[in-house]
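In: What follows is a protein structure lacking sequence information:
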């Protein structure tokens, strides 16, 4: 995709844009590192363990959403889709409710579980955030439905061209370069696009749009959403925008071969520490087969490492609204997803 008009002018003015593409600050690229043979072997023969052996429990948040939230209530809806309720303001991150990923409705990675809700069942939203343009973060059929809601969509520089093509009115689209800010009317909610170490591209070109992490804040609450990123020293700069009441970091779709542009569980905890700690919600796992690891390995690894280092994580079941401040301890619900019985469905999360 080629940017035109004002978008192209803004891209030319960006520090991240050179020679027709956006770049990472520290020159990380999405190519594979290391020997290719083990990667090919895992891709060809490791597919069974990359899918859950049983039913992933999914709760309906609809009844809980009818009750007034506290100053911060969160509902993980799968992958990187999170409904945030901050001081009565609602924002939905990277909404992906489609059955498959990719440009075709009948091909591409298929969901492991049903979406907890449809777009029509969502409570009234104040904004939607789209971190970057990859198919597992910018879902065409979902955006078609979001476009009907007539609410602002906040995104990275250049991504608005996709949103317009999918029906979002141009006046509802806000595109930000790194460190730019946008506040909703009345200052109720503010977004800051912050650095990420990743890449972009759908069909027809790579890195023609920007990718970002995000600081989302009200007068009293502040959260961080990683989008997709590898470990970068820029997290130390982002820490200055905290402290964060909740930090959402990607842990799945990871492999050492592309470890510079995705975090994985070990680097997620390093990033969490660089960002100032607090409470970590792992996202970007359990919904699609996008990595070369057993489906629950990112969460299990994160759990083990966080226990050893005494870092605070929350691991809610899909579709269960929770208040981070009131979660006593994480629950490893994925351990109950077995071929015998999904007994974990009876577990209570925070």
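Out: Right, received. Where do you want to start? Owing to the predicted nature of the structure, the values given are computational and were not obtained by experimental measurement.
In: any low-confidence regions in the stretch 1-150 of the chain?
Out: 31-48 (pLDDT under 70).
In: One more: the stretch 251-350 of the chain?
Out: 339-350.
In: repeat that with 90
Out: 254-259, 291-292, 338-350 (pLDDT under 90).
In: Which parts of it are strands?
Out: 280-283 (DSSP state E, counting those that start in this stretch).
In: show me where the stretch 101-250 of the chain has strands.
Out: 127-130, 153-156, 173-176, 181-183, 190-194, 201-202, 205-206, 213-217, 222-225, 246-250.
In: now the end-to-end length of stretch 256-267.
Out: End-to-end distance for stretch 256-267: 11 Å, by Cα to Cα, to the nearest Å.
In: ok, which stretches of the protein are helices?
Out: 5-13, 37-45, 62-65, 140-146, 160-165, 234-239, 264-274, 297-309 (DSSP state H).
In: and among those, the most buried is which?
Out: helix 264-274 (a mean of 22; mean count of other Cβ atoms under 10 Å). For every residue, glycine as well, the C-beta is placed using N, CA and C.
In: Could you provide the strands of the stretch 101-250 of the chain in TSV, with additional columns for distance to residue 303?
Out: Converted to TSV, these look like this (distance: least, Cβ to Cβ, whole Å):
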stretch	distance to residue 303
strand 127-130	27
strand 153-156	31
strand 173-176	34
strand 181-183	35
strand 190-194	27
strand 201-202	33
strand 205-206	34
strand 213-217	23
strand 222-225	21
strand 246-250	14
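In: Mind telling me which of those strands the model trusts least?
Out: By mean pLDDT, the lowest-scoring of those turns out to be strand 205-206, with a mean of 82.
In: which neighbours does that one have in its sheet, and in what orientation?
Out: strand 201-202 (antiparallel) (DSSP bridges).
In: distance between the strand it pairs with and the chain's centre?
Out: Averaged C-alpha coordinates place strand 201-202 at 16 Å from its chain's average position (Cα atoms, centre = their mean, to the nearest Å).
In: Over to stretch 115-129?
Out: For stretch 115-129 - counting by Cα atoms, centre = their mean - the centre lies 15 Å from the chain centre.
In: before we move on, the earlier item: out of the helices of the chain, flag the one nearest residue 84.
Out: helix 62-65 (12.5 Å; Cβ to Cβ).
In: if we look at the closest one, which residues are touching it?
Out: The contact list for helix 62-65, computed with Cβ atoms under 8 Å, 6 or more residues apart in numbering, reads 75, 117, 121, 123, 320, 321.
In: and of those, the nearest to residue 55?
Out: residue 320 (15.8 Å).
In: Need the helices of the chain in JSON lines (columns: distance to residue 282).
Out: As requested, the helices of the chain are exported to JSON lines (distance: least, Cβ to Cβ, whole Å):
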{"stretch": "helix 5-13", "distance to residue 282": "32"}
{"stretch": "helix 37-45", "distance to residue 282": "22"}
{"stretch": "helix 62-65", "distance to residue 282": "21"}
{"stretch": "helix 140-146", "distance to residue 282": "22"}
{"stretch": "helix 160-165", "distance to residue 282": "27"}
{"stretch": "helix 234-239", "distance to residue 282": "16"}
{"stretch": "helix 264-274", "distance to residue 282": "7"}
{"stretch": "helix 297-309", "distance to residue 282": "6"}
